[in-house]
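Student: Pasted the sequence and its predicted model underneath.
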Amino acid sequence: MKTNDRDDIKVISMDSLLYEKKGKRSAVTKIVEPKIPKKRVITTTDKWNFSEDELDPIQQLEYVRQIVNECEIPFQRLSTPCQFIKQQIQQKLGSYKCQDGKKNKYDELSFIKHHQVLQLMIQCENKCFYCKEPTHVLYENVREPKQWTLERIHNHIGHNETNVVIACLQCNLRRRTMHYQRYVLTKEMNIIKKI
């Protein structure tokens, strides 16, 4: 592998024996451009005008606490970040409800509610169940690895209040169908290895 003049582009050269075509030998070079994160549609609207401080996971946890403590306050009187957080949670819950419905796992009585998600976020301090890193409730990029998700402990059951934990998207996708305790052990080994 060679590096190009620019540090962000990798040039990979492969042996021509791998790619022979009718007896002709030639060097194959492939240029791999780094992926540029794609911004979410909502971030292009006028309403999305958050500072770096407001997008900090620790500050977002404070907003979640405000929402829980001020549950009696009308939606319009909440601060803009709190309004966005409530909307984003509601939107994600709608997606989970649809996902469970398609897989015949939706149970209306035990499906997790908005206030239960907020309590879960406070309980775990908005940190991933597996890697223990802070998750983002508000995030700018599509498929943000550290965005919050509701991870189902048992994948054969829907997003029910007793079957979910907060996890980052990265851990949620990497776990797949592995038993959750086994995945926790792999993450703990990584943490020990880092120390």
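Tutor: Received the coordinates, thanks. Everything numeric in this text was worked out from a predicted model, so none of it was measured. Numbering: from 1, shown residues only.

Student: If you count contacts, what does the longest helix seen in the chain end up packed against?
Tutor: Identified as the longest helix of the chain according to DSSP state H is helix 80-102. In terms of contacts (3 or more C-beta pairs under 8 Å, 6 or more residues apart in numbering; DSSP states H and E), helix 80-102 is packed against helix 57-69, helix 114-123, strand 148-152. From N, CA and C alone the C-beta is placed, and that goes for glycine too.

Student: For it, buried residues please.
Tutor: 81-86, 88-89, 92-93, 96-97, 100 (16 or more other C-beta atoms under 10 Å).

Student: Pick the most buried one from the helices and strands packed on helix 80-102.
Tutor: Of all these, strand 148-152 has the most neighbours on average by mean count of other C-beta atoms under 10 Å, namely a mean of 23.

Student: If you count contacts, what does that strand end up packed against?
Tutor: helix 80-102, strand 164-168, helix 169-175.

Student: Repeat the analysis, applying 6 Å as the threshold.
Tutor: Other elements packing on strand 148-152 under the criterion 3 or more C-beta pairs under 6 Å, 6 or more residues apart in numbering; DSSP states H and E are strand 164-168, helix 169-175.

Student: could you give the mean pLDDT of that strand?
Tutor: Strand 148-152 shows a mean pLDDT of 97.

Student: What is the end-to-end distance of stretch 156-168?
Tutor: One end of stretch 156-168 to the other measures 20 Å (C-alpha to C-alpha, to the nearest Å).

Student: Please enumerate residues in contact with that stretch?
Tutor: Stretch 156-168 has contacts (C-beta atoms under 6 Å, 6 or more residues apart in numbering) with 96, 100, 105-107, 110, 112, 116, 120-121, 124, 128-130, 135, 146, 148-154.

Student: Run a quick neighbour tally on L109.
Tutor: 6 (other C-beta atoms under 10 Å).

Student: what's the helix or strand for it?
Tutor: Using DSSP states H and E, L109 is not contained in any helix or strand.

Student: Would you quantify the distance from it to I85?
Tutor: According to C-beta to C-beta, to the nearest Å, L109 and I85 sit 26 Å apart.

Student: Would you mind splitting this protein into its domains for me?
Tutor: Per automatic domain parsing, the structural domains of the chain span 2-32, 41-194.

Student: rank those domains by pLDDT, which is bottom?
Tutor: Comparing mean pLDDT across the domains of the chain, the weakest is domain 2-32, with a mean of 58.

Student: mind checking how far C98 is from H154?
Tutor: Distance, C98 to H154, using C-beta to C-beta: 20 Å.
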